[in-house]
Structures are given as C-alpha cells and as structure tokens.
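A.B. asks: How does the following fold in three dimensions:
(one chain, ligands or ions: 1)
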Amino acid sequence: MNLHIFDNESTLARAAARLIAARLRDEPRLVLGLPTGRTPIDVYAQLVAETAASRIDWSGVRSFNLDEFIGLPREHAASYRSFMWRHLFDHVNIRHEHAQFPDGMAADVEGECRRYDAAIRDAGGIDLQVLGIGGNGHVGFNEPAEELQAATHRVTLHADTRAANAGWFAGDVSQVPTEALSVGMASILMARQVLLLATGEEKAEAIAGAIEGGITTRLPASFLQLHSNATVMLDRAAASRLTRLEAAPAAPADRPAAP
Ligand code: PGA
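C.D. replies: From the prediction side, this is the model:
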C-alpha cells in the first residue's frame, strides 16, 4: 500500500482531489467508484474547485456510488444520491444517467443488486475507487462479519454504523434506516486503483488493523492489503496507532510524506 500522512484534513483533501483530478484529465471516460460520508466532503469541494480551475470535462465520466439506504426516497435529503448531487455532481458537468446508485427503493432488491453489478461490468469495471472507512473497519457497507459478500447485496447495518450516520438525520438514530444496499468486496477489490481516505482519531484503530493487522472478514478494509494499486491517505490522528510509523518524518503542510 502507498501510504501518505498529512498534517490535517484540508491538506489531505487537496491531495486526494488532485489525484482524482489528474486521473480525470488523463482519462475523459474514467469510471469512478465514489463514497459518501463526512470524510469526502472536503475532497469533493476541492475537486469542484479543481474542475473549475482546469476546466475538467465530466461529460464522458461515469460514476458508481458504493451504497444507498433501503427505504429512503431518492429525493430525501439524507439519501446518498442527494448527498452526491449536493456536494459534487451539481457542480460538474457529469451526465445525469452516468451517475449511478443502487436503488434503495427497488421492489425487487435481488434484481436491483444484479442490475447494479451488471452496470458496473458493462462500464468496464471501476478505474478509480475512492473509499472511506468505518470506525469498525467497514468499506462501503461491507460490515465486519464471519463472511463477506463479493457481489452487491442487502445489508443490515450495525448499530455503530447507524449511530455514525445519525448526523444525516438531525441526530436521531431512530430515523436511520436499518438496511442498505452495498457493492460487495469484488467490485472494490477489482477496481484498477483504490484510494482509501481516513481522518480523525475515531478511525485510528480500524486503520491500524487494516494496514498492519492480518487480513480478516472482521475488518473488511484489511482486504485492501491484497490490492496491487492501493493508496491510503490519512491525517495524523487517523495514523496515530500505526506502530510501524513511529519514526516517520512529519509531512510537510502541502505535500504527502511517504513513510
Ligand atoms: P465517514 O464514513 O466518512 O462519515 O466517517 C466513512 C464510512 O463509514 O465508510
């Protein structure tokens, strides 16, 4: 894994946005896999700025989001679709039909999961998968479990994941849906490049396990150790439990430091 540690969230966001923007400039038909959550908000803001500054054309870009709540109408402010349009898609010229999500309102959930995997396959797979990580080590909504799923599937959200999402529902955890659709480990691990982002002390333990621990379904992000082109960007707090990094030099303010 390519590990970069930054002084703070905003330097991390700038570096992540630059990496994504460079891929978009080089490959106008890039297929992105994108996350929602608190972590990517600044990254998307920086990416919008990069897009405006260097006139990046998104008209050929396709995007597949990692997950969506089940039972939340698409126009609900807390749906992941609403999040993506608010923070990114409304501000770039992506074509509406190129921004895809699993449909959490589909009557035929199994059919919807198959449709989503087929759409990713038909697009040629994911070129660049951007990921956050849950405090429990989940990626997408692939929660810690005895077994992980390869394909897009229906998930029962863990209590801590629902609590972590309460902020999108005015702090009321009872409003957070109990289920979601998530891409499986296959579309994440088959992406040609993966960019994992984590900030804050609450991610430090999951990050230490994911990077330095054994590979285990109890910490789904640990499977990224198997990926041949994975970049991890952390702020100091998220990196604080990495024991092998104790002697790593401080990252300059605006430049990633490879330990
Ligand atoms: P966060 O979520 O960015 O809101 O911390 C990350 C995740 O749960 O995957």
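A.B. asks: Give me every residue in this protein lying close to the ligand.
C.D. replies: 37-39, 132-134 (Cβ under 6 Å from any ligand atom). Backbone N, C-alpha and C define where each C-beta goes, glycine included.
A.B. asks: What is the neighbour count of the residue in the stretch 1-150 of the chain that the ligand sits nearest to?
C.D. replies: Distances between the stretch 1-150 of the chain and the ligand by Cβ to the nearest ligand atom are smallest at Gly37, namely 2.7 Å. Under the neighbour criterion other Cβ atoms under 10 Å, Gly37 is assigned a count of 18.
A.B. asks: and it, what is it in contact with?
C.D. replies: Shown in contact with Gly37 (Cβ atoms under 8 Å, 6 or more residues apart in numbering): Gly132.
A.B. asks: Correct me if wrong: Leu181 contacts Asp108.
C.D. replies: No - the pair Leu181 / Asp108 is not scored as a contact, 11.9 Å apart, by Cβ atoms under 8 Å.
A.B. asks: Which one's more surrounded, the two?
C.D. replies: The residue with the greater number of neighbours, taking Leu181 and Asp108 and applying other Cβ under 10 Å, is Leu181; the counts read 26 against 10.
A.B. asks: which element is that one on?
C.D. replies: Secondary structure assignment for Leu181, by DSSP states H and E: strand 179-182.
A.B. asks: May I see the buried residues of that strand?
C.D. replies: When burial is assessed from 16 or more other Cβ atoms under 10 Å, strand 179-182 yields the following buried residues: 180-182.
A.B. asks: Take those residues and lay them out in JSON lines including pLDDT.
C.D. replies: Rendered in JSON lines, the data for the buried residues of strand 179-182 read as follows (pLDDT from 0 to 100):
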{"residue": "Ala180", "pLDDT": "97"}
{"residue": "Leu181", "pLDDT": "98"}
{"residue": "Ser182", "pLDDT": "98"}
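A.B. asks: Just the buried residues of the residues of the chain next to the ligand.
C.D. replies: Using 16+ other Cβ under 10 Å as the burial test, the residues of the chain next to the ligand include 37, 39, 132-134 as buried.
A.B. asks: What about the closest residue in space to Glu179 that isn't next to it in sequence, how many residues nearby?
C.D. replies: Spatial nearest neighbour of Glu179, chain neighbours left out: Ile70 (4.1 Å); criterion: Cβ to Cβ, 6 or more residues apart in numbering. Neighbourhood size, Ile70 [other Cβ under 10 Å]: 21.
A.B. asks: Asp122 too?
C.D. replies: Asp122 has 9 nearby residues by other Cβ under 10 Å.
A.B. asks: ranges for the strands of the protein?
C.D. replies: Ranges of strands within the chain are 2-6, 31-34, 62-65, 67-69, 99-100, 128-131, 153-156, 179-182, 193-198, 230-235, based on DSSP state E.
A.B. asks: what sits against the closest residue to Leu224 other than its chain neighbours?
C.D. replies: Nearest residue to Leu224, sequence neighbours excluded (Cβ to Cβ, 6+ apart): Ala230, at 5.0 Å. When contacts are counted by Cβ under 8 Å, 6+ apart, Ala230 touches 1-2, 193-196, 224.
A.B. asks: can you list those in TSV and add neighbour count and pLDDT?
C.D. replies: Listed next are these as TSV, based on neighbours: other Cβ atoms under 10 Å; pLDDT from 0 to 100:
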residue	neighbour count	pLDDT
Met1	14	90
Asn2	14	94
Gln193	18	98
Val194	24	98
Leu195	23	98
Leu196	28	98
Leu224	23	98
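A.B. asks: Relative to Glu112, which of those is nearest.
C.D. replies: Taking Cβ to Cβ as the measure, Val194 is the one of these closest to Glu112, at 24.5 Å.
A.B. asks: Just to check, the closest one is in contact with Asn229?
C.D. replies: Yes - when contacts are counted by Cβ under 8 Å, Val194 is listed as touching Asn229 (6.8 Å).
A.B. asks: and the closest residue to Ala206 other than its chain neighbours, what is it in contact with?
C.D. replies: Counting by Cβ to Cβ, 6+ apart, Ala206 lies nearest to Gly137, which is 4.3 Å off, once chain neighbours are set aside. When contacts are counted by Cβ under 8 Å, 6+ apart, Gly137 is found next to 144, 206, 209-210, 218-222.
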